[in-house]
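Q: Have a look at this prediction, sequence included:
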Amino acid sequence: MCVLQNCPVPILYTTVNSQAYGLSNNAICNFHFNLISNAMLLAYPGLVPAMLTDMVMLKVLMMDKPTVEAQLQILDHNMPVLDQAGPNGPRIGKVLGRYENKCYFPAFLIVPLAIILNGFDNLGRSGFLAMKDPGAGIGHGKYTHRIQWHAVMRVITNDFQTHQHGPWQHCPLELFLACMSNVGAVGPALGLPHHSTNLFGYIFDLAADGEGTYCWPDELFTEMRNPAKYPNIGRSASKNWLKRNIEHVAYANASQAYNNAAAAVAARQAAAAKLFDARYARDQIKSRPAPILDSRVRKAEAALAALPVPVVPAAPMAPMEQKRRNMLASNNWVAVGQIPDADPFGPPGAAPRAPINYGDAILVPQGVPPPGPQDIQAALGHARQGLNPAQPLPLLGDHR
């Protein structure tokens, strides 16, 4: 049935062959297919029909929860074969990286250690999918976007047997770069509310307005934290969720202690100021006794003495800031600084956009230059021709 919840359109009016795309049968009705298509085309009038159709089907895939979950179960089952070196079990980042490299996504590592706002899209246009996303919030999950795109890759490549399967007309890397392109901005669509500013956000990064679909990363991350269903993914996701929660609670407690101590210091400073004022007022009158002023001084002294002398702890450091400092201190990572805009789908003839300077908010391996626009274009050319033969994947029994 149509992935839109409570869709009233009869199956008779569902003519898109979603099974040929690797999705559930009758996954999208004609009405909602056209609704999503028109929303995208309104914002991206330059989208050619082939690209537009693929983008709509990416949206449908993220709304087709049974299909995404089936891809996750295959991934989970294959993880122990693809990473046998992990001391605590297969590492999800390592396994995802092998599949991503099979589709020519850059293997270059980056670690964003601050919330990247406008610059996040530029990272995507430079091909950086293979990254953790620690600034996205505890419920979002740091690997969730990579899991979404793993499902995309597995569906489009027919379980990594070919670079482009069935009616799909573009390879995964080309669709990823196009999603990140900033040539337009998707606006509100009737029945499809969202907050996003490009196709990546509209398809893969909704907030609670994507509830009921895996367009909302938080919902997918909740599904991933199910070790009974996904023993390996569930272990990794639950471990990350617990670690982030412990860090959050510890930071909140440390912040509260620091704020309480700061408030105690402020209270003593205020009491000391009142005592100074009382003494000053008393000492100004030297010609006659002033019992009332003496009484005010004694009260101010007693009030100050009643306040404990606080022990002020060091100002707490946010977990991401602590990690950034530790990584920089290791001398194995350096600040990325600025990277060029590698958008291959910008307006023809338009002047190159200025690079974005990330400073030390993003760290990269020491001595390894990040891929530039020419590297991305070369990878895209290869990806349009086939899968990467340099990245072997063992023929697993359940690869289909």
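A: Perfect, thanks for sending it. Residues are numbered from 1 along each chain as shown.

Q: contacts and neighbour counts: CA atoms only from here.
A: Will do.

Q: for the stretch 201-350 of the chain, what spans make up the strands?
A: Using DSSP state E, counting those that start in this stretch, the strands assigned to the stretch 201-350 of the chain run over residues 333-335, 338-339.

Q: wait, which of the ones you listed is closest to residue 47?
A: The closest of the strands of the stretch 201-350 of the chain to residue 47 is strand 338-339. By CA to CA, the value is 26.4 Å.

Q: Quick check: mean pLDDT of the host helix or strand of residue 381?
A: Assigned by DSSP states H and E, residue 381 belongs to helix 373-383. When pLDDT is averaged over helix 373-383, the result is 85.

Q: Would you confirm that residue 294 contacts residue 283?
A: No. Assessed by CA atoms under 8 Å, residue 294 is found out of contact with residue 283, at 9.5 Å.

Q: the more surrounded of the two?
A: Neighbour totals were compared for residue 294 and residue 283, and residue 294 leads with 16 against 12 (other CA atoms under 10 Å).

Q: So the nearest residue to the more buried one once chain neighbours are set aside versus residue 306, what's the distance?
A: Distance criterion CA to CA, 6 or more residues apart in numbering; nearest residue to residue 294, sequence neighbours excluded, is residue 282 at 6.7 Å. As judged by CA to CA, to the nearest Å, residue 282 and residue 306 stand 22 Å apart.

Q: Which of the two has more residues huddled nearby?
A: residue 282 (19 against 11).

Q: Now for residue 213: which residues touch it?
A: In this structure, residue 213 makes contact with 62-65, 219-220, judged by CA atoms under 8 Å, 6 or more residues apart in numbering.

Q: In this structure residue 231 contacts residue 76, no?
A: Yes. Contact criterion CA under 8 Å: residue 231 and residue 76 qualify, at 7.0 Å.

Q: neighbour-wise, which of those two wins?
A: residue 76 (19 against 16).

Q: Least confident secondary structure element in the protein?
A: Ranking every helix and strand in the chain by mean pLDDT, DSSP states H and E puts helix 119-125 at the bottom, with a mean of 65.

Q: Identify the residues contacting the helix or strand just after it?
A: Next helix or strand after helix 119-125 toward the C-terminus (DSSP H and E): helix 144-156. With contact meaning CA under 8 Å, 6+ apart, helix 144-156 is reached by 21-23, 58, 61-62, 68, 71-72, 96, 99-100, 103, 129-131, 159-160, 163-166, 168, 171-172, 204, 214, 217, 220-221.

Q: Might you list the low-confidence residue ranges for the stretch 251-400 of the chain?
A: Applying pLDDT under 70 to the stretch 251-400 of the chain picks out residues 286-289, 341-353, 395-400.

Q: so where do the helices sit in it?
A: Taking DSSP state H, counting those that start in this stretch as the test, the helices found in the stretch 251-400 of the chain are 291-306, 319-329, 373-383.

Q: May I ask you to confirm that residue 177 belongs to a strand?
A: No. Counting by DSSP: H, G, I helix; E, B strand; the rest coil, residue 177 is located in no strand; its state is helix.

Q: Please determine how far it is located from residue 155.
A: 18 Å.

Q: try residue 273
A: Residue 273 is 71 Å from residue 155, by CA to CA.

Q: Which one's more surrounded, those two?
A: More crowded of residue 273 and residue 155, by other CA under 10 Å: residue 155, with 24 against 14.

Q: pLDDT value on the more buried one, please?
A: 96.

Q: If you tally nearby residues, what's the number for residue 255?
A: Other residues near residue 255 come to 18 when the count uses other CA under 10 Å.

Q: My guess is it contacts residue 318. True?
A: No. Counting by CA under 8 Å, residue 255 sits too far from residue 318 to count as a contact (9.4 Å).

Q: hang on, residue 328 packs against residue 334?
A: Yes. The criterion here is CA under 8 Å, and residue 328 meets it with residue 334 at 6.3 Å.

Q: Could you check which of these two has the larger neighbour count?
A: residue 334 (20 against 16).

Q: Contacts only, for the more buried one.
A: Contacts of residue 334 (CA under 8 Å, 6+ apart): 328, 360, 363-366.

Q: same question, residue 22
A: 155-156, 158.

Q: Which pLDDT value goes with it?
A: For residue 22, pLDDT reads 94.

Q: gap between it and residue 217?
A: For residue 22, the distance to residue 217 - CA to CA - is 21 Å.

Q: And residue 49, by the same measure?
A: Taken as CA to CA, the span from residue 49 to residue 217 is 28 Å.

Q: quick one: which of those two has more around it?
A: Between residue 49 and residue 217, counting by other CA under 10 Å, residue 217 is the more crowded of the two (28 against 11).

Q: Once you drop chain neighbours, what's closest to the more buried one?
A: Nearest non-adjacent residue to residue 217, counting by CA to CA, 6+ apart: residue 140, 5.5 Å away.

Q: what's the answer for residue 14, then?
A: Nearest non-adjacent residue to residue 14 (CA to CA, 6+ apart): residue 29, at 4.1 Å.

Q: is it true that that neighbour touches residue 17?
A: No. Checked against CA under 8 Å, the pair residue 29 and residue 17 is beyond contact range at 10.0 Å.

Q: on contacts alone, who are the packing partners of the strand or helix carrying residue 100?
A: For residue 100, the host element (DSSP H and E) is helix 92-102. For helix 92-102, the packing partners by 3 or more CA pairs under 8 Å, 6 or more residues apart in numbering; DSSP states H and E come out as helix 65-82, helix 144-156, helix 231-283.

Q: Now do the shortest one and helix 92-102, the angle between them.
A: Spelled out, that is helix 144-156. Angle, helix 144-156 to helix 92-102, by axes from the mean of the first three to the mean of the last three CA atoms, to 10 degrees: 40 degrees.

Q: gap between helix 144-156 and the chain center?
A: Relative to its parent chain, helix 144-156 has a centroid offset of 14 Å by CA atoms, centre = their mean, to the nearest Å.

Q: Out of the helices and strands packed on helix 92-102, which is closest to residue 380?
A: Of all the helices and strands packed on helix 92-102, helix 144-156 sits nearest to residue 380, with 14.5 Å by CA to CA.
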